[in-house]
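J.: How does the following fold in three dimensions:
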Amino acid sequence: MASTATYLQKRGELETYFDRTAAEAWAKLTSDAPVSGIRATVRAGRDAMRETLLSWLPDEMSGLTLLDAGCGAGQLAVEAARRGAHVIAVDLSKTLVELARDRAAELPMSGSIEFHVGDAFDPFLGKVDYIVAMDSVIHYGAEDITDILAGFAARANRSICFTFAPRTPALTAMHTVGKLFPKSDRSPAIQPISEDGLRRRIETHNGLEGWAAPRTRRVKSGFYISQAMELTAP
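T.: From the prediction side, this is the model:
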C-alpha cells in the first residue's frame, strides 16, 4: 500500500478540498440540479464512466462484497447495492459521506451500504470481492497508483476497476494551465499518465503479479477526460 510522502501529502490535499472547499459544488454536480455548460459536460462524463465501471461488475451481486474507494456522493455504491451487493463505501470527506448516507437512506435497494469516513486502506475494512475506485486515484503519479493497486490486490478476490487520467495533448494542456492559477483557486491537480507506462508498471510490480488488464475504456465529455481499466485476479 502506498505510504510515500507524495501519497500522504496528496491525500491531505484531497481531504481538505472535497470536505471543505468543493463540498457544496460537488453536492450540486452529483444531483439533478441545473449546472453550467462546462459542469454539465463533466456530469455527463462521470455518468458515462460510472456506467462503464458498473458494466464490468456482475448484474447479480447478492452475497458479494464491493469496496467503493472514494465513494463521493455514493451513486455507484447505490447502484451496486441495488444489484444485491454489500457495499463498503469509503471517502476521505466527511461532508460527502454524510451526503451519500442521507441520499442512500431514501432509495430502495436489495443489498446494503456501510459508509465510512477515512482511507480505503484502513485495515478494519477487510477483504472484498470487488474494488472500484472511480476518479479517486487520478491525482496521484504512476508510482503511487501502482502501489495503491497493489494494496487493493491484497484485498480483492475478483477484480479491481479504477480510473486514471490518460496522457493526451488536451489533458496535458489543461494540467499545465491549471498550474498557473493561484494556489487558493486550484483544485488538487490531476496527474496525466501514459497508458503504456502504467501497464508496464503493473506488469512488473511485485504486488500485482499475475493480475491481468483485459479491459479499458476512455470517456471524454467536454472538460471531463478519464480512462477506466479493469484488473482481474490471477
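
J.: Now do the helices in the chain.
T.: 5-16, 23-29, 37-55, 75-82, 94-104, 142-153, 169-178, 195-204 (DSSP state H).

J.: For Leu99, give its distance to Thr146.
T.: Separation of Leu99 from Thr146 (CB to CB, to the nearest Å): 31 Å. The way it works is simple: take the backbone N, C-alpha and C, and place the C-beta from them, glycine included.

J.: For the nearest residue to Ser112 once chain neighbours are set aside, list the residues it contacts.
T.: What sits nearest to Ser112 in space, not counting adjacent residues and going by CB to CB, 6 or more residues apart in numbering, is His86, at 5.2 Å. Residues near His86 by CB atoms under 8 Å, 6 or more residues apart in numbering: Leu64, Thr65, Leu66, Gly111, Ser112, Ile113, Glu114.

J.: Reformat those as CSV; add pLDDT and neighbour count.
T.: Below are those laid out as CSV (pLDDT from 0 to 100; neighbours: other CB atoms under 10 Å):
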residue, pLDDT, neighbour count
Leu64, 98, 20
Thr65, 98, 21
Leu66, 98, 29
Gly111, 98, 20
Ser112, 98, 12
Ile113, 98, 23
Glu114, 98, 14
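
J.: Give me the pLDDT for Ala5.
T.: You'll see Ala5 listed with a pLDDT of 67.

J.: do Ala173 as well
T.: 62.

J.: what about Val219, how many neighbours?
T.: By other CB atoms under 10 Å, 20 other residues sit near Val219.

J.: repeat for Thr6
T.: Thr6: 13 surrounding residues under other CB under 10 Å.

J.: and it, what does it touch?
T.: Applying CB under 8 Å, 6+ apart, we find Thr6 in contact with Tyr140, Gly141, Asp144.

J.: hmm, which of those are the buried ones?
T.: Neighbour counting with 16 or more other CB atoms under 10 Å marks Tyr140, Asp144 as buried within the contacts of Thr6.

J.: Just put the contacts of Thr6 in JSON lines and tack on pLDDT and distance to Lys10.
T.: Below are the contacts of Thr6 laid out as JSON lines (pLDDT from 0 to 100; distance: CB to CB, whole Å):
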{"residue": "Tyr140", "pLDDT": "91", "distance to Lys10": "6"}
{"residue": "Gly141", "pLDDT": "91", "distance to Lys10": "9"}
{"residue": "Asp144", "pLDDT": "93", "distance to Lys10": "8"}
